[in-house]
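In: pasting the structure only:
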Ligand code: HEC
C-alpha cells in the first residue's frame with residue numbers, strides 16, 4: 001500500500017516534471033517563434049519601404065518625362081551660379097518681364113543683393129518696381145512678390161501664374177530654358193496666339209516675343225493622320241539675334257536656378273575647405289600611425 005503510494009507519488013512527480021519541461025519547451029518555442037516573427041516583420045517593412053521608394057521614384061520619373069512633353073529634346077543652358085554678372089542680368093530680366101505675373105515668394109531682395117555682390121541701394125534703385133499695401137515702394141528686405149492676386153490670375157489666364165522661386169527644382173533648368181525657346185505661332189490658340197512645344201497648351205503668353213521674334217512650326221511627314229512638328233523656324237525677327245536671346249534666357253534660367261538653391265555656392269566653397277581639412281588630417285593620422293607602429297613592427 002505504502003509502496004504503491006510512493007510509486008504513485010513518483011509517477012505524479014514525473015508527470016509534473018514532464019509537463020513543466022514541455023511547457024518550458026513550448027514557451028521557448030513561442031519565444032523563438034516570436035523572435036523570427038519580429039525579424040520577419042522588420043524584413044517585410046524594409047521590403048515595403050523599398051517598394052514604396054521605388055514606386056515613388058518611378059512615378060516622379062514618369063511625371064518628369066511627361067512634363068517634358070512627348071519627344072521634345074530639352075536643351076541645356078550653359079549657366080554658372082557663381083557668375084554674379086549673369087545673375088544680375090537674369091534678375092533684371094526677371095523683375096521686368098516675369099514679375100508682372102509671377103512672384104518669387106521665397107526670395108528676399110536683400111539676400112539676392114548680398115549673394116550677387118550688389119549694394120542694397122543698387123537693388124532698390126534697379127530691381128524693385130513693386131509697392132507694398134500702403135503704396136510705398138517695396139522694402140529691400142521684402143520677399144519678391146507682386147500684387148497680382150490668385151483670383152485675378154485665374155480670371156485673366158485660366159490658371160494663376162505660379163510662384164517661380166522653386167521651379168528650377170521642380171521642372172529643372174533644361175526644361176525652363178527650352179520652354180522659353182519653344183514658343184510658336186498657333187492660330188488655334190485664340191487667347192495667346194501661341195503654343196509651346198515643351199508645355200503644350202500653356203496658358204502663359206509668349207512674353208518675350210518682341211525680343212525673340214516669332215517662330216512657326218516646321219512639319220514632318222504625315223504619320224497617324226497628323227503631321228508632327230519637327231522643328232521651329234524664326235519667321236519674324238525680334239529685336240535680339242538668336243544668340244542674344246539665348247544668352248538672355250540663360251541668364252533668366254541662371255537666376256531661377258539661384259533662387260531655388262541660394263546657398264549652392266557657399267556649400268561648394270565650404271565643401272572644398274572640408275575636403276582640404278580632411279586630407280590634412282589624413283596626413284597627420286598617417287604620420288601618427290607610423291610613429292606608433294615603429295617599435296612594434298620591425
Ligand atoms: C502675362 C503673365 C505672365 C508673364 C509676364 C510671365 N508668365 Fe510665366 N506663366 C504665366 C501663366 C498664366 C502660367 C501658367 C501656365 C499654365 O499652367 O498653363 C505660367 C507658367 C510659367 C512656367 C511654368 C511653371 C510650371 O512649373 O508649370 C514657367 C517656368 C514660367 N511661367 C516662366 C516665366 C518666365 C521666366 C517669365 C518671364 C520671362 C514669365 N513666366 C512671365 C503667366 C505669365
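Out: Now that the structure is in, tell me what you want to look at. Just so you know, these numbers come straight off a predicted model, no measurement behind them.
In: and stretch 220-233, how far from the chain's centre?
Out: For stretch 220-233, the separation from the chain centroid amounts to 33 Å (computed by CA atoms, centre = their mean, to the nearest Å).
In: quick one: terminal-to-terminal distance for that stretch?
Out: 13 Å (CA to CA, to the nearest Å).
In: buried ones in it?
Out: Within stretch 220-233, the residues that qualify as buried are 229, 232, counting by 16 or more other CB atoms under 10 Å. Using the backbone N, CA and C atoms, a C-beta is placed for each residue, glycine as well.
In: how about the residues of the stretch 1-150 of the chain that lie near the ligand?
Out: 97-98, 100-102 (CB under 6 Å from any ligand atom).
In: what do you get if the cut-off is 5 Å, keeping everything else the same?
Out: 97-98, 100-101 (CB under 5 Å from any ligand atom).
In: Make CSV from these and add neighbour count, secondary structure and pLDDT to it.
Out: Shown next, in CSV, are those (neighbours: other CB atoms under 10 Å; DSSP: H, G, I helix; E, B strand; the rest coil; pLDDT from 0 to 100):
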residue, neighbour count, secondary structure, pLDDT
97, 16, helix, 97
98, 21, helix, 97
100, 14, coil, 94
101, 19, coil, 96
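In: Could you double-check that residue 221 lies in contact with residue 229?
Out: No - the criterion here is CB atoms under 8 Å, and residue 221 misses it with residue 229 at 11.9 Å.
In: Greatest separation within the residues of the stretch 1-150 of the chain next to the ligand: which pair is it?
Out: Largest separation among these by CB to CB: 97 and 101, giving 9.4 Å.
In: Could you name every residue contacting both of those two?
Out: residue 207 (CB atoms under 8 Å, 6 or more residues apart in numbering).
In: Now do the strands in this protein.
Out: 104-108, 143-144, 183-185, 194-196, 213-219, 229-237 (DSSP state E).
In: Which residue lies closest in space to the most centrally placed residue in the chain, excluding its sequence neighbours?
Out: Against the mean C-alpha coordinate of the chain, by CA atoms, centre = their mean, the closest residue is residue 169 at 3.2 Å. Nearest non-adjacent residue to residue 169, counting by CB to CB, 6 or more residues apart in numbering: residue 260, 4.4 Å away.
In: how close does the one you found sit to residue 254?
Out: 11 Å (CB to CB, to the nearest Å).
In: which of the two has more neighbours?
Out: residue 254 (24 against 21; other CB atoms under 10 Å).
In: Go ahead and confirm that one touches residue 88.
Out: No - with contact defined as CB under 8 Å, residue 254 does not count as touching residue 88 (10.1 Å).
In: got a list of contacts for stretch 226-241?
Out: Contacts with stretch 226-241, where a contact means CB under 8 Å, 6+ apart, come from 71, 182, 184-185, 197, 208-221, 242, 245, 248.
In: Using ChimeraX, define a selection of the buried residues within these.
Out: Of these, the buried ones go into a single ChimeraX selection, burial set by 16+ other CB under 10 Å:
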select :182,184,185,197,208,209,211,212,213,214,215,217,245,248
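In: On the pLDDT front, check residue 241 for me.
Out: pLDDT recorded at residue 241 is 97.
In: what do you get for residue 40?
Out: If you check residue 40, the pLDDT there is 76.
In: That one and the ligand, how far apart?
Out: 44 Å (CB to the nearest ligand atom, to the nearest Å).
In: what about that residue, neighbour count?
Out: Neighbour number of residue 40 under other CB under 10 Å is 10.
In: Just the helices from this structure, written as ranges.
Out: 2-67, 84-93, 109-115, 120-126, 150-157, 167-170, 173-181, 209-212, 242-260, 264-293 (DSSP state H).
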